[in-house]
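Enquirer: Got a sequence here, can you model it:
(chains A, B, C and D)
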Number of protein chains: 2
Amino acid sequence: MKTKLVSEKDYSIQIAHAIKESIVSGHLPVDGRLPSESDLAAKFDVSRSTVREALKRLAAQNLIRTQRGASGGAFVNRISFAQAQEQLATTATLLLTMNEIDFETACESRFTLEHACLALACARRTDADLATMKLELEKQSDPLLSDESFCASDVGFHRALVDAAHNPILSWQLAASVEAMQPLMNMITYTGRSRARILDLHGTLYAAIRTEDAVKAKTTMDDLASYILDLGRKFVLGRATASPRNSGGRSQMT
Amino acid sequence: MKTKLVSEKDYSIQIAHAIKESIVSGHLPVDGRLPSESDLAAKFDVSRSTVREALKRLAAQNLIRTQRGASGGAFVNRISFAQAQEQLATTATLLLTMNEIDFETACESRFTLEHACLALACARRTDADLATMKLELEKQSDPLLSDESFCASDVGFHRALVDAAHNPILSWQLAASVEAMQPLMNMITYTGRSRARILDLHGTLYAAIRTEDAVKAKTTMDDLASYILDLGRKFVLGRATASPRNSGGRSQMT
DNA sequence: CGAGCACAAATTGTCTGACAATTAAAAAAT
DNA sequence: ATTTTTTAATTGTCAGACAATTTGTGCTCG
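Expert: Residues are numbered from 1 along each chain as shown, chains lettered A, B, ... in the order given. Predicted coordinates:
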């Protein structure tokens, strides 16, 4: 049976949309195999190239994967948290870099989220969670640690903290936010030379979660938030006066 | 200058990745024009089809748009919140439908987020925010309203509530969560026939935000959360016993 | 001189047909 | 029975062509 397409939009878009619907609606089960490209071409009455472009659109969204060879083809992906997180992080990064989102807004959303996780984290943290946090704390207390590694460990600590809430969706959303902000955070930490203060706050946070003291954890998180926000403000300020703005002519790819 | 590609992965993936890097890193400015497909084909030393598949991958992620005709081509998109939200909602829906995320986890993450917005909302709500919430409240109090419209208004109320926090990132993330959960929430509300209770809680929330009473707002939100969670549990339970599970044979697309 | 109009040029969208690369299954050989 | 070879199916890539669309250009006519 041939499926009708309207001729007003590009075929590859319509085909991608049709298949996507089949997937999202559950009509096509996870790991189910799509018809071969030739079959799809016949079904939609278009050329194989057009079908391929449609499939590439879906592959870019991690909705399908392809495999060569006999009994190969396109299969419906079970979307993983890792993939979802990567997509979200890309989007968040783009929003941060090319839209009008300023550092303060991003910072506020991140710490608001993290703050919200604390109550859950205090109630549910396991020994494994605490061990992970403790490990990162010890890494961070090494004065010989490079700036880069310190930042990585910082991310690891916050991630462990959120993971302690044991809600994968919250972990997912927050991890993406943190990842998108990391480059900027790195620069701030580099220039701020503020390891001692951060380490101290982390230690306090750790202790509060260990003892299930949600109130203490929250006030500490607020302190950390305002401290980082302050550093960020200074950093952005210094940057604004130091380096001239990138003048905005269109440029081609080199 | 030709750009080298390794022959181990598919070319279209590598090309898409290379261009994506140029965009995310800011090397290609927003609204900047990419070279034509023929030029890119020459630059990467591949055929035009391969370049096209790469571009379709980017288009599927809303990173570029294309335009036909003279002085047409592919242009770097300024990603909008609307697009970002749509992408996030799709991902969230997929995670919800085909992964092992249960209703309680989704519900918890949503209300945790919303709870976290309340403090900001109380501090920053404008008259316009209050008016929007009030409007939805009045809609909801009409007993002749259809179930569908009631649910839509419910979403509108919560959206207005989060928007009152005036942090676009939080609005974005939460809106996507809410949208992904809406189908399920609808069914729950349909069966629960629980309008009066919900309306009451909404009214209390509205009043608390109007008077900037963050404490009251938070306790009310907690009540709402546990009420919905309770309804959801009953609903899921009833569903599990009533309808048999979709048996899992692989199926082809029809 | 201006307004409209035909035409050319550039660019993406699609089609056709072909071949290469890869993989699983079937067939053949040992 | 096990290993090797062949075969078939499928995606990945290529080349060339034409269609559709849009913009600019120059020409004609008022």
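Enquirer: And DNA strand C, is the helix or strand containing A:Lys56 touching that?
Expert: In the assignment (DSSP states H and E), A:Lys56 maps to helix A:48-60. Yes - with CB under 7 Å from any atom of the strand as the criterion, DNA strand C is reached by helix A:48-60 at A:Arg48, A:Ser49, A:Thr50, A:Glu53. To be clear about C-beta, it is placed using only N, CA and C from the backbone, and glycine gets the same treatment.
Enquirer: That helix: which residues count as buried?
Expert: For helix A:48-60, the neighbour count (16 or more other CB atoms under 10 Å in any protein chain shown) marks A:Thr50, A:Val51, A:Arg52, A:Glu53, A:Ala54, A:Leu55, A:Lys56, A:Arg57, A:Leu58, A:Ala59, A:Ala60 as buried.
Enquirer: What's the per-residue pLDDT of the first one here?
Expert: Confidence at A:Thr50, expressed as pLDDT, is 96.
Enquirer: Then the fifth one?
Expert: Turning to A:Ala54, the model gives it a pLDDT of 97.
Enquirer: shouldn't it be in contact with A:Ser12?
Expert: Yes - between A:Ala54 and A:Ser12 there is a contact under CB atoms under 8 Å: 4.4 Å.
Enquirer: what do the two both touch?
Expert: Residues touching both A:Ala54 and A:Ser12 (CB atoms under 8 Å, 6 or more residues apart in numbering or on different chains) are B:Lys56.
Enquirer: what residues does chain A put near DNA strand D?
Expert: Residues of chain A found near DNA strand D (CB under 7 Å from any atom of the strand) are A:34, A:36-38, A:48-49, A:52, A:55, A:66-74.
Enquirer: Does the residue of chain A found nearest DNA strand C belong to a helix, a strand or coil?
Expert: Nearest residue of chain A to DNA strand C (CB to the nearest atom of the strand) works out as A:Gly69 at 2.2 Å. Three-state assignment for A:Gly69 (DSSP: H, G, I helix; E, B strand; the rest coil): coil.
Enquirer: out of the residues of helix A:48-60 next to DNA strand C, who's nearest A:Ser109?
Expert: Proximity of those to A:Ser109, judged by CB to CB, is greatest for A:Glu53, which lies at 36.1 Å.
Enquirer: That closest one and DNA strand D, how far apart?
Expert: A:Glu53 sits at a distance of 10 Å from DNA strand D (criterion: CB to the nearest atom of the strand, to the nearest Å).
Enquirer: Once you drop chain neighbours, what's closest to that residue?
Expert: Nearest residue to A:Glu53, sequence neighbours excluded (CB to CB, 6 or more residues apart in numbering or on different chains): A:Ser12, at 4.0 Å.
Enquirer: and what of A:Leu58?
Expert: Take A:Leu58 and drop its neighbours on the chain: the residue closest to it by CB to CB, 6+ apart is A:Ile64, 4.7 Å away.
Enquirer: Quick check: which helices or strands does the lowest-mean-pLDDT helix or strand in chain A pack against?
Expert: Every helix and strand of chain A was ranked by mean pLDDT, DSSP states H and E. The lowest is helix A:168-192, at a mean of 78. Contacts defined by 3 or more CB pairs under 8 Å, 6 or more residues apart in numbering or on different chains; DSSP states H and E place helix A:168-192 against helix A:81-98, helix A:103-124, helix A:147-163, helix A:214-242, helix B:81-98, helix B:103-124, helix B:168-192.
Enquirer: If I follow the layout properly, A:Ser49 ends up in contact with B:Thr50?
Expert: No - between A:Ser49 and B:Thr50 there is no contact, the gap being 10.8 Å when judged by CB under 8 Å.
Enquirer: Break chain A down into its structural domains.
Expert: Taking automatic domain parsing as the reference, chain A has its domains at A:11-76, A:82-236.
Enquirer: starting at the chain centroid, how far to the shortest one?
Expert: What that stands for is domain A:11-76. Distance of domain A:11-76 from the chain centroid (CA atoms, centre = their mean, to the nearest Å) equals 26 Å.
Enquirer: Can you give me the end-to-end span of stretch A:62-73?
Expert: 15 Å (CA to CA, to the nearest Å).
Enquirer: what comes up buried for that stretch?
Expert: A:Asn62, A:Leu63, A:Ile64, A:Thr66, A:Gly73.
Enquirer: which other residues reach that stretch?
Expert: A:19-20, A:23, A:33-36, A:55, A:58-59, A:74-77, A:79, A:83, A:87, B:94.
Enquirer: go with 7 Å
Expert: The contact list for stretch A:62-73 (CB atoms under 7 Å, 6 or more residues apart in numbering or on different chains) reads A:20, A:23, A:33-34, A:36, A:55, A:58-59, A:74-77, A:79, A:83, A:87.
Enquirer: what does stretch A:177-191 give?
Expert: By CB under 7 Å, 6+ apart, stretch A:177-191 touches A:89, A:92-93, A:96, A:103, A:106, A:109-110, A:113, A:147, A:150-151, A:155, A:158-159, A:231-232, A:235.
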